[in-house]
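Asker: The sequence and its predicted three-dimensional model are supplied below.
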Amino acid sequence: MSSEQAAAALGVRLSTLYAYVSRGVIPREVVTDPEGRRVSRFRRDDVLALSQARSRPRAGAWSPLIESDVTQLDASGRLAFRGIDVADCAGWGYERTACHVLDIPDAAWHLNFDVPAPGTERATDTIRWTVMRLAARDEFRERIDPGHCRSVAISAVTASTTALTGLRDGTVAERLARAWTPDAAGARWPAVAQAIDTALSVLVDHELTASTVAARAAAGVRSDPWMVLLTGLAAMSGPFQAGAGQAAAAALRAWKADRTVPPAPVSGFGHKVYVGPDPRAVLLLDRVAAVCPETADSIDDLAVRMARAHSLHPNIDAALGGLILAADLPDDAGDVIFALARIPGLMAHALEEYPHGLRLRPRALS
């Protein structure tokens with residue numbers, strides 16, 4: 001079958017079909033046509049098998065295939081937000097990257113309303129608490145038009161940052177750095193702020209993670225945009241997503257203390273998608289080296305040992321753990337960075353899902 005025929009049979013666009021090829025979902029053959037052009041061909045059986053897999057529940061696993069323009073990634077280590085490589089987005093900074101993912105040219109990242117002071121709960125609870133308070137105060141809460149949804153995402157990030165830091169001026173990264181770094185006026189502070197900004201930028205989205213699917217499911221039942229964010233934030237709160245940076249920081253501390261290679265994989269190494277280095281970790285670890293070269297060297301040493309012993313490479317959690325150690329940030333700084341960063345991505349996916357209605361309805365096996 002030609003590319004066009006295969007895409008039509010699967011009900012997807014050509015770009016999605018090629019994404020399936022790059023991720024190993026479906027094989028293809030490249031042949032030369034009578035006019036001397038190199039073209040793709042797909043075996044009919046492979047196309048039919050994938051088409052059936054898209055509509056048939058599998059025993060022991062749920063493998064939805066959802067078209068999305070937000071993020072493109074593959075096992076080779078490529079990651080792009082709406083077609084722009086993650087390295088370029090990291091150079092833009094968090095705010096511009098967030099606007100790009102939300103598919104808007106620019107936005108005002110400042111507050112025009114008061115943020116009630118939080119209590120003494122966990123930092124990520126403050127984020128969820130702020131989202132709930134803003135939802136209660138939104139007279140247009142039920143609106144799901146793109147303009148309102150994007151405004152909700154930006155307001156959630158801005159207000160949560162203020163609630164966490166007590167600061168209103170500066171970028172999200174600058175405010176977090178001032179709140180977390182005791183020597184905010186010292187020579188090291190700009191490097192810390194830049195590292196936090198890179199972490200926020202590369203974490204804006206990562207395709208269909210558990211929290212993203214949860215947010216899409218909420219959008220599918222027409223939950224308001226605030227509740228969509230709250231759903232995604234709740235789903236990412238465990239140790240396998242937002243909390244993984246803390247576990248990675250603990251593993252790095254243990255490594256620095258005794259230089260013993262863990263007998264089994266530990267948090268911060270290996271990934272379910274990437275077979276090689278995580279491109280987000282590569283970018284952030286460069287920033288960690290600017291903050292504290294000693295910490296970066298220690299992580300590099302462990303990375304070499306883990307690659308030899310377990311064939312595993314550092315992921316974004318190792319880089320977040322390294323940032324926590326290098327800048328002496330609070331243990332839950334990785335949780336905060338992850339949650340704030342991901343809010344625009346959650347909303348971008350909700351905007352894609354709203355028009356589809358209730359379609360994410362897996363079946364149970366008994």
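Answerer: Arrived safely, thanks for sending. Numbering: from 1, shown residues only.
Asker: Please, where are all the strands along this protein?
Answerer: 29-32, 38-41, 71-73, 79-81, 84-85 (DSSP state E).
Asker: what residues does the fourth one touch?
Answerer: Residues lying outside strand 79-81 but in contact with it, judged by CB atoms under 8 Å, 6 or more residues apart in numbering, are 70-73, 85-86, 89, 97, 100-101, 202, 204-206, 279-280. Placement of C-beta: from N, CA and C, glycine included.
Asker: Neighbouring strands of it in the sheet, and parallel or not?
Answerer: Here strand 79-81 is paired, per DSSP bridges, with strand 71-73 (antiparallel), strand 84-85 (antiparallel).
Asker: so who does the closest residue in space to residue 195 that isn't next to it in sequence touch?
Answerer: Closest residue in space to residue 195, ignoring its immediate chain neighbours: residue 287 at 3.7 Å, by CB to CB, 6 or more residues apart in numbering. Each residue near residue 287 by CB under 8 Å, 6+ apart is listed here: 191, 194, 195, 198, 199, 323.
Asker: Repeat that for residue 160.
Answerer: When contacts are counted by CB under 8 Å, 6+ apart, residue 160 touches 126, 127, 130, 131, 340, 343.
Asker: Just these: which are in helices?
Answerer: 126, 127, 130, 131, 340, 343 (DSSP state H).
Asker: buried set for the lowest-mean-pLDDT helix or strand in the chain?
Answerer: The weakest-scoring helix or strand in the chain, judged by mean pLDDT, DSSP states H and E, is helix 44-55 (a mean of 78). Neighbour-count burial for helix 44-55, with 16 or more other CB atoms under 10 Å as criterion, is recorded at 47, 50.
Asker: now the residue nearest to residue 212 when sequence neighbours are not counted: how far from residue 67?
Answerer: Among residues not flanking residue 212 along the chain, residue 349 sits closest, at 5.2 Å (CB to CB, 6+ apart). Residue 349 sits 11 Å away from residue 67, going by CB to CB, to the nearest Å.
Asker: Grab the most central residue of this structure for me.
Answerer: residue 205 (3.2 Å; CA atoms, centre = their mean).
Asker: so that one touches residue 215, yeah?
Answerer: No - Residue 205 is beyond contact range of residue 215, at 10.8 Å (criterion: CB atoms under 8 Å).
Asker: Run a quick neighbour tally on residue 262.
Answerer: Neighbours of residue 262 under the rule other CB atoms under 10 Å: 16.
Asker: Name the nearest residue to residue 291, sequence neighbours excluded.
Answerer: Nearest one to residue 291, counting by CB to CB, 6+ apart, is residue 326 at 4.3 Å.
Asker: what's near enough to touch the one you found?
Answerer: Applying CB under 8 Å, 6+ apart to residue 326 gives the contacts 195, 288, 291, 292, 295, 296.
Asker: Give me the distance between it and residue 339.
Answerer: Distance, residue 326 to residue 339, using CB to CB: 21 Å.
Asker: for residue 235, same thing?
Answerer: Residue 235 is 11 Å from residue 339, by CB to CB.
Asker: Have a look at the two and say which one is more surrounded.
Answerer: The neighbour comparison of residue 235 against residue 339 (other CB under 10 Å) goes to residue 339, with 28 against 20.
Asker: Just to check, that one is in contact with residue 233?
Answerer: Yes - using CB under 8 Å, residue 339 is in contact with residue 233, at 5.9 Å.
Asker: any residues in contact with both of these two?
Answerer: Contacts common to residue 339 and residue 233, judged by CB under 8 Å, 6+ apart, are 124, 127.
Asker: pLDDT below threshold where in this structure?
Answerer: 53-64, 111-120, 183-187, 365-366 (pLDDT under 70).
Asker: So what are the structural domains in it, by residue number?
Answerer: By the assignment in automatic domain parsing, the chain contains the domains 3-55, 79-241+332-356, 244-327.
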